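Trainee: structure for the following, please:
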Amino acid sequence: MNIMTLINALPGAVAQGLIWGIMAIGVYLTFRILDFADLTVDGSMCTGGAVCIMMMQAGFGVWPSMLAATGAGMLTGLATGIFHTCMGIPAILSGILTQLSLYSVNLKIMGKANQAISVGKYDLLVSLRYIKGVPFYQNTIFVVAVFILVLIAVLYWFFGTELGCAIRATGCNSSMSRAQGINTSFNKVLGLMVSNGLVALSSALLAQYQGFADVNMGRGAIVIGLAAVIIGEAVFSKIFRNFALRLLGVALGSILYYLVLQTVIWLGIDTDLLKLLSAIVVAIFLATPYWKGKYFSKPMKRGGNSNA
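Mentor: Reported below is the predicted structural model:
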């Protein structure tokens, strides 16, 4: 095991962590803000890349292609929201139905299981080749980092508006929000659209970065997103208390996840076990608050004052 091999691979891991960090922010919005277990992510993570690649192959520029990919992702969130709010289907099943449908939709968009795009033929925004040996403003890490900072600023502003606060209130206490006259169904649908729009944007960047879109590129995305959210909260929760900083913590959690992943690969551990390891990490971090409250909290004193 050559340490230089690991060092040379770290910039690529950071770039991937940043790209998936955008997806993790989308997962954070539904998982923490909206309190909605959205499994649409595994499908919309492919939809964005498929739309972006096919539009660029059709002659559109990178920016219109990425905008269309984001719009397609928002439509997937709309479908899940309609299943849940208009048809009364439980949240998890709504996401599963949309995810299942998107497999066929993504195949129809691409025409086959995968589509490739070359950095030599198309003007890509990010690419694996832009990690080293390019000006800093063209470097994938710099470009995606700027993307994340802009997105965090926009989301911080949006969730400070009246509509954004209504979405946060809906996730916090849906019954009380309805009692205050808030249209919780609309807010749930809008929150899902914003979340899956971010997921699709991440997918569009990932497809450019790796040079192809594949119908299975979103498989297990929800686990990666949850891992990034949980790791970010575990490491940075005591430091980052502001909403914008919490979003930044999620992106940093995604980077940490991919750095650990790269280290695991460097150590020679079987890559077939990576998904299993990710699931175990997420389970442990999710169970930690429960274990802490059940086994490590101080017992409450019972009874009144002895001097009474």
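
Trainee: for the rest of this, base every contact and every neighbour count on C-alpha atoms.
Mentor: Will do.

Trainee: and Phe243, how close does it get to Ala15?
Mentor: 24 Å (C-alpha to C-alpha, to the nearest Å).

Trainee: if you count what's nearby, which of the two comes out ahead?
Mentor: Higher neighbour count among Phe243 and Ala15: Ala15, with 27 against 14, using other C-alpha atoms under 10 Å.

Trainee: pLDDT wise, what is the residue nearest to the more buried one when sequence neighbours are not counted at?
Mentor: The spatial neighbour of Ala15 that comes closest, neighbours along the chain excluded (C-alpha to C-alpha, 6 or more residues apart in numbering), is Ile141 at 5.0 Å. In the predicted model, Ile141 carries a pLDDT score of 92.

Trainee: for Ile141, give me its contacts.
Mentor: Residues in contact with Ile141, defined by C-alpha atoms under 8 Å, 6 or more residues apart in numbering, are Pro11, Val14, Ala15, Leu18, Ile131.

Trainee: between these, which is closest to Leu29?
Mentor: Leu18 (16.9 Å; C-alpha to C-alpha).

Trainee: so where does that closest one fall, helix or strand?
Mentor: Remark: Leu18 resides in helix 3-28, with elements defined by DSSP states H and E.

Trainee: ditto for Gln115
Mentor: In this structure, Gln115 sits in strand 114-116 according to DSSP H and E.

Trainee: which SSE is immediately downstream of that strand?
Mentor: Past strand 114-116, the next helix or strand by DSSP H and E is helix 140-158.

Trainee: with only the CA atoms kept, save the helix or strand that that next one is followed by in PDB.
Mentor: Counting by DSSP H and E, the element after helix 140-158 in chain order, helix or strand, is helix 162-172. The C-alpha atoms that make up helix 162-172 are tabulated as PDB, following Å, rounded to 0.1, in the frame of the first residue of the first chain:
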ATOM      1  CA  GLU A 162     -42.800  33.500   4.700                       C
ATOM      2  CA  LEU A 163     -43.200  30.500   2.300                       C
ATOM      3  CA  GLY A 164     -40.000  28.900   3.500                       C
ATOM      4  CA  CYS A 165     -41.000  29.300   7.200                       C
ATOM      5  CA  ALA A 166     -44.400  27.700   6.300                       C
ATOM      6  CA  ILE A 167     -42.500  24.700   4.900                       C
ATOM      7  CA  ARG A 168     -40.400  24.400   8.000                       C
ATOM      8  CA  ALA A 169     -43.500  24.700  10.200                       C
ATOM      9  CA  THR A 170     -45.200  22.000   8.200                       C
ATOM     10  CA  GLY A 171     -42.300  19.600   8.900                       C
ATOM     11  CA  CYS A 172     -42.200  20.600  12.500                       C
END
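
Trainee: quick one: buried residues of the helix or strand that helix 162-172 is followed by?
Mentor: Tracing the chain C-terminally past helix 162-172 and defining elements by DSSP H and E, one meets helix 174-179 next. For helix 174-179, burial by neighbour count (16 or more other C-alpha atoms under 10 Å) applies to Ser174, Ser177.

Trainee: now do stretch 4-18
Mentor: Taking 16+ other C-alpha under 10 Å as the basis for neighbour counts, the residues of stretch 4-18 that come out buried are Leu6, Leu10, Pro11, Gly12, Ala13, Val14, Ala15, Gln16, Gly17, Leu18.
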